[in-house]
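Novice: predicted model and sequence below, questions to follow.
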Amino acid sequence: MVSDEGRRYGKSRARRRRGFLLILAVVAGLIALPFALGAPEAVRKAIYPLRYEDTIRQASRENGLEPAFVAGVIYTESRFRPDAESSQSAYGLMQMLPETAEFVQRRSGIEGDFREPRTNIRLGVWYLGYLDGQYRGDERLMLAAYNSGEGRVNGWISDEGFDIVRDIPFKETRDYVENSLEARETYGDLYGEDLSRDSGWSIPLANTQVETRRRDDS
């Protein structure tokens, strides 16, 4: 038999739990409210910052990518925090693994400490450009490979009937792809021409994979 004191304790604990959930709901509402009401541009830019834009534009130009796409990847990877480090030792704005950075530096000739923000961006964007060539401009496959690795993605797409939109087996990778594409749209909307790809750009052959890319702006 439960005592009166036990019942009172249980009711008190339930009230505290409901109160905590209510606070969470209010906080979530306050976060979402500015977007629902059309937040001032300054508020949205504080939530979606843009830093190192000159390096982003230059590296994107060299590798045939849209700067807003690159900014969306950086936001998803690190929220533009140059000292971000994952539990797997991925580092920097573009969360480069040491072995990936070494591969890129060997193939691209880009020198420097992969943890330095501008070098990190250049390496990460080169790798995205490499994946662009590997997957013939399919942005979802590029993003999935950036997150999960080429080996896994190549295994997935070797299965007949694989659909990149619905069949990615890892929730983390599915979310990563969608979040990166959504962030790309947000950066394009917020920063407009600062991150747009000028169709008149002359894209140099920055790496050996670029010849195979699909150019949407040709």
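Specialist: Happy to help now that I have it. Note that the structure is a prediction, hence the values are computed from the model and not measured.

Novice: so where is this structure shaky, pLDDT-wise?
Specialist: Along the chain, the model assigns pLDDT under 70 to residues 1-38, 196-218.

Novice: mind listing the helices for it?
Specialist: Taking DSSP state H, the helices of the chain run over residues 4-36, 41-47, 53-63, 67-78, 98-108, 117-134, 139-148, 150-157, 171-191.

Novice: can you tell me how far the nearest residue to Ser180 once chain neighbours are set aside is from Glu53?
Specialist: Spatially, and ignoring its direct neighbours in sequence, Ser180 is nearest to Thr76 (4.5 Å; Cβ to Cβ, 6 or more residues apart in numbering). C-beta coordinates here come from the backbone N, C-alpha and C atoms, glycine included. Between Thr76 and Glu53 the computed distance is 17 Å (Cβ to Cβ, to the nearest Å).

Novice: and the two? Which one has more around it.
Specialist: Neighbour totals were compared for Thr76 and Glu53, and Thr76 leads with 23 against 13 (other Cβ atoms under 10 Å).

Novice: contacts only, for the more buried one.
Specialist: Tyr176, Asn179, Ser180, Ala183 (Cβ atoms under 8 Å, 6 or more residues apart in numbering).

Novice: repeat the analysis, applying 10 Å as the threshold.
Specialist: Contact analysis of Thr76 by Cβ atoms under 10 Å, 6 or more residues apart in numbering lists 94-95, 143, 146-147, 175-184.

Novice: what's the local residue count around Asp113?
Specialist: Asp113 has 11 nearby residues by other Cβ under 10 Å.

Novice: and Glu111, how far from Thr119?
Specialist: The spacing between Glu111 and Thr119, counted by Cβ to Cβ, is 8 Å.

Novice: now do the shared contacts for the two.
Specialist: Gln105.

Novice: neighbour count for the two, which is higher?
Specialist: Neighbour totals were compared for Glu111 and Thr119, and Thr119 leads with 19 against 8 (other Cβ under 10 Å).
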